[in-house]
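Undergrad: model this:
(one chain, ligands or ions: 1)
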Amino acid sequence: MGEHDVDPFAQATVAVQNVHVRYRVPSTDAAERRRGANFVKRAARTVLGNDPKVLVRALSGISFVAKSGEQIGLVGQNGSGKSTLLRIIAGLENPAKGRVLAESTPVLIGVNAALVPDLSGEQNIRLGCLAMGLTPDQADAAVPEVKQLAGLGKSIYLPMKTYSSGMGARLRFAIATAANPHILLIDEALATGDAAFRERSEARMQGLRDGAGTVFLVSHAAQTIEETCTRAIWLNHGRLVLDGPAQDVALRYRKWAWAVAKDKPDEARTIIEKAFAEREQTHVQVEESQAPRQYNARHVRPSGVRSTDRKK
Ligand SMILES: Nc1ncnc2c1ncn2[C@@H]1O[C@H](COP(=O)(O)OP(=O)(O)OP(=O)(O)O)[C@@H](O)[C@H]1O
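TA: Model (predicted):
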């Protein structure tokens, strides 16, 4: 069988199918207070101090399939939905609509570990490793390396509730790297620690990235995306603007950001509209109606055909 006969979707690691995320949040905007409310409601809100709720659409209809061997950068301005997308892929939040399927447990570096404040750092390492799916033997074997990476000295034997926020972040980061995940999610905003820790953690991250099947990286720096990623996804106000080769997407994102910074809204709009127009619509169709988060990659198919919504 020639190279071109290989089914590219046999290598799928993550399928994101028409994902929508919405938050209802209180707003102190006076216009919202007046909107859609009669006199009684307005008076009640004023007296009770209840702020009206507004709907924030953090993600709207995101679909794509990630494959093994890809390093995917997520770019977009503040609040465009990058971190939300990572959390959804990690399974830390459920979408309002749509779903995410993954061939193995995606690990979001830095925040995944559910740690117990009353236990010592050392005990939490073991707990965190077990929570990430390591066997008890694997967890025991991982402890020394995680301890060394965290570099907390004797503090590792003290309860975690006594740690500074930086110490806690270092420990969580070190624990997350113990899993050698096949699907690795990195939010650059989580980069933390002093120079020595950063150097150790960067070396460890490089090792993880080399070993991972698929890496997702959130970064504000288009240059980092260009240098380290093979593919990039540009989000704007929760919508997918462009999905393609990292250099191409990063270049257009940069041009758009420059137009915004130089207060040239017409130019910025043209760049976004052109990208939207060129974007290939991805409809992810999942053949198994009862597919759990763990799935067989062969169940994901490309389609020019609309997804038949078989969501439970
Ligand atoms: N827990 C939450 N509750 C309410 N709104 C939220 C919550 N998390 C995110 N949002 C909103 O969802 C939108 C997307 O946020 P998100 O953090 O995903 O953006 P981002 O692209 O990662 O931003 P940044 O580059 O600033 O980190 C924003 O409007 C944000 O205010």
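Undergrad: ok, now how distant is Asn18 from the ligand?
TA: 18 Å (CB to the nearest ligand atom, to the nearest Å). (Each C-beta comes from the backbone N, C-alpha and C, glycine too.)
Undergrad: what about the helix or strand Ala43 falls within, average pLDDT?
TA: Assessed by DSSP states H and E, Ala43 sits inside helix 39-48. In this model, helix 39-48 has a mean pLDDT of 70.
Undergrad: Ok, stretch 97-113 next?
TA: Stretch 97-113 comes out at a mean pLDDT of 80.
Undergrad: Ok, stretch 234-242 next?
TA: Per-residue scores along stretch 234-242 average to 95.
Undergrad: Could you check that stretch and say which residues are buried?
TA: 234-236, 238-242 (16 or more other CB atoms under 10 Å).
Undergrad: quick one on the thing from earlier: next secondary structure element downstream of the helix holding Ala43?
TA: Next helix or strand after helix 39-48 toward the C-terminus (DSSP H and E): strand 53-67.
Undergrad: burial of Val107, as a residue count?
TA: 26 (other CB atoms under 10 Å).
Undergrad: for it, what are its contacts?
TA: By CB atoms under 8 Å, 6 or more residues apart in numbering, the residues touching Val107 are 90, 132, 176, 179, 181, 183-185.
Undergrad: Might you enumerate the residues of this structure proximal to the ligand?
TA: 23, 25, 56, 58, 76, 78-84, 189 (CB under 6 Å from any ligand atom).
Undergrad: on that earlier part again, sitting in strands, which of the contacts of Val107 do you find?
TA: 183-185 (DSSP state E).
Undergrad: Among those, which one lies nearest to the ligand?
TA: Leu185 (12.3 Å; CB to the nearest ligand atom).
Undergrad: Distance-wise, check the closest residue to the closest one other than its chain neighbours relative to the ligand.
TA: Closest residue in space to Leu185, ignoring its immediate chain neighbours: Leu108 at 4.3 Å, by CB to CB, 6 or more residues apart in numbering. Leu108 is 13 Å from the ligand, where distance means CB to the nearest ligand atom.
Undergrad: Likewise for Leu171?
TA: Leu171 sits 23 Å away from the ligand, going by CB to the nearest ligand atom.
Undergrad: Now do the same for the nearest residue to Ser219 once chain neighbours are set aside: its pLDDT.
TA: Distances taken as CB to CB, 6+ apart place Glu188 nearest to Ser219, at 4.6 Å, with adjacent residues excluded. Looking at Glu188, its pLDDT stands at 71.
Undergrad: okay, now Ala150: neighbour count?
TA: Around Ala150 there are 27 residues (other CB under 10 Å).
Undergrad: which stretches of the stretch 101-250 of the chain have low pLDDT?
TA: 110-114, 189-193 (pLDDT under 70).
Undergrad: buried sites along stretch 161-171?
TA: 163, 167-171.
Undergrad: Stretch 201-216 now?
TA: 201, 204-205, 208, 212-216.
Undergrad: With stretch 175-189 instead?
TA: Buried positions in stretch 175-189, judged by neighbour count with 16+ other CB under 10 Å: 175-179, 181-187.
Undergrad: Which parts of the stretch 51-200 of the chain are helices?
TA: Ranges of helices within the stretch 51-200 of the chain are 82-90, 121-131, 136-150, 165-176, 195-211, based on DSSP state H, counting those that start in this stretch.
Undergrad: for the record, mean pLDDT for the first one?
TA: Mean pLDDT, taken over the full extent of helix 82-90, equals 93.
Undergrad: Does anything pack onto that helix? Which helices or strands?
TA: strand 12-26, strand 53-67, strand 71-75, strand 97-102, strand 107-108, strand 183-187, strand 214-218 (3 or more CB pairs under 8 Å, 6 or more residues apart in numbering; DSSP states H and E).
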